[in-house]
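**Student:** any chance you can model this:
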Amino acid sequence: MKNIRVKLILIAITLLNFSGTSHRPDHKVSTVVIDAGHGGKDPGTSGRTVKEKDIVLKIALKVGKYIEENCPGVKVLYTRKTDKYIEFQDRADLANKNQADLFISIHANSIVGANAYGTETYVMGLHKDKNNFDVAKRENSVILMDENYKEKYEGFDPKSPESYILFSLNQSAYQENSLRFAQKVEDQFKTKVGRSSRGVKQAGFLVLWMTTTPSVLVETGFLSNNKEELFLASENGQDLIASGIYRAFKEYKAEIESIN
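**Tutor:** Residues are numbered from 1 along each chain as shown. Predicted coordinates:
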């Protein structure tokens, strides 16, 4: 166990040093990566009639379209535009290699046997709440579908609390702006979209930890809740969620670019 801890600490320090030198130092928000969670062989969570991978793809494409049409000069990149499985490493690499200024990962939540509802937006951080940890474990478990995942992710086990020790070292240089954008997303959902906001939260999401830019993971609602499933499955519901994320992006961009 001690050897695992030492190894994870060394990995964390290496990646943290890399993250501190790889991003542009200016205040422009000119490239955004939109990540539709899951896809292909990974369906994500499911409701009675829909799958997470399909819902979040539709929302992601709508978010991108809003930005492309209303924010001239902003380059929009997508981790996927079809029903395709994309590894975590490739999702993060797209953002890192293109020196993205923001990474937005879109998901849908689920708690079987409970009537939970509402939106949540996560940033990378320590999970101080068991429910946050459970969400992170579920999302991180996707790496088990990757070939040679133990070697690729340096022995990271999404179900082991020990593996999350490396996140405690990553008080990211991008956390402040991640929190800034996350709060704008939840504010939009609550005040303009009319959704119930469960707030901004922190947890150890591997895909956020691997990106060297401000990044958030948006849980757009609970497919385990019949009412929210119907909302997220509808064209109108998807438009409303996408427009909320877009408006949050527009506000964030204006605010960041005014800081000089």
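**Student:** only C-alpha atoms for contact and neighbour calcs from this point on.
**Tutor:** Will do.
**Student:** which stretches of the stretch 1-150 of the chain form helices?
**Tutor:** Per DSSP state H, counting those that start in this stretch, the stretch 1-150 of the chain carries helices over the ranges 2-19, 52-70, 88-97, 130-140, 149-152.
**Student:** could you tell me the least trusted of the ones you listed?
**Tutor:** The minimum mean pLDDT among the helices of the stretch 1-150 of the chain belongs to helix 2-19 (a mean of 46).
**Student:** the strands in this protein, which residues?
**Tutor:** 31-36, 75-78, 102-109, 119-124, 197-203, 215-222 (DSSP state E).
**Student:** which strands or helices does the first one pack on?
**Tutor:** The criterion is 3 or more Cα pairs under 8 Å, 6 or more residues apart in numbering; DSSP states H and E, and the helices and strands that strand 31-36 contacts are helix 52-70, strand 75-78, helix 88-97, strand 102-109.
**Student:** give me that answer again for 6 Å
**Tutor:** Applying 3 or more Cα pairs under 6 Å, 6 or more residues apart in numbering; DSSP states H and E, we find strand 31-36 packed against helix 52-70, strand 75-78, strand 102-109.
**Student:** please apply the same query to the second one.
**Tutor:** Strand 75-78 is packed against strand 31-36, with contacts defined by 3+ Cα pairs under 6 Å, 6+ apart.
**Student:** got the angle between the strand it packs on and strand 102-109?
**Tutor:** 10 degrees (axes from the mean of the first three to the mean of the last three Cα atoms, to 10 degrees).
**Student:** tell me the angle of strand 31-36 relative to helix 52-70?
**Tutor:** Using the same axes, to 10 degrees: strand 31-36 against helix 52-70 is 150 degrees.
**Student:** could I get the buried residue list for strand 31-36?
**Tutor:** Residues 31, 32, 33, 34, 35, 36 are the ones in strand 31-36 that count as buried (16 or more other Cα atoms under 10 Å).
**Student:** quick one: average confidence on the lengthiest helix in the chain?
**Tutor:** Taking DSSP state H as the criterion, the chain has its longest helix at helix 235-257. Mean pLDDT, helix 235-257: 98.
**Student:** repeat that for stretch 104-123.
**Tutor:** Mean predicted confidence for stretch 104-123 is 93.
**Student:** what comes up buried for that stretch?
**Tutor:** 104-111, 117-123.
**Student:** residue 100 and residue 29 touch, don't they?
**Tutor:** No. Contact criterion Cα atoms under 6 Å: residue 100 and residue 29 do not qualify, at 8.2 Å.
**Student:** okay, these two: which has more neighbours?
**Tutor:** When neighbours are counted by other Cα atoms under 10 Å, residue 100 comes out ahead of the other of residue 100 and residue 29, with 24 against 20.
**Student:** need the nearest residue in space to the more buried one, chain neighbours excluded.
**Tutor:** Excluding the flanking residues, the one nearest residue 100 by Cα to Cα, 6 or more residues apart in numbering is residue 31, at 4.9 Å.
**Student:** show me what contacts the one you found?
**Tutor:** 74, 75, 100, 101 (Cα atoms under 6 Å, 6 or more residues apart in numbering).
**Student:** hang on, the last one packs against residue 27?
**Tutor:** No. Contact between residue 101 and residue 27 fails when scored by Cα under 6 Å: they sit 9.0 Å apart.
**Student:** these two: which has the busier surroundings?
**Tutor:** Set residue 101 next to residue 27 and count neighbours by other Cα under 10 Å: residue 101 wins out with 23 against 14.
**Student:** any idea of the pLDDT on that one?
**Tutor:** 97.
**Student:** and the end-to-end length of stretch 199-210?
**Tutor:** 23 Å (Cα to Cα, to the nearest Å).
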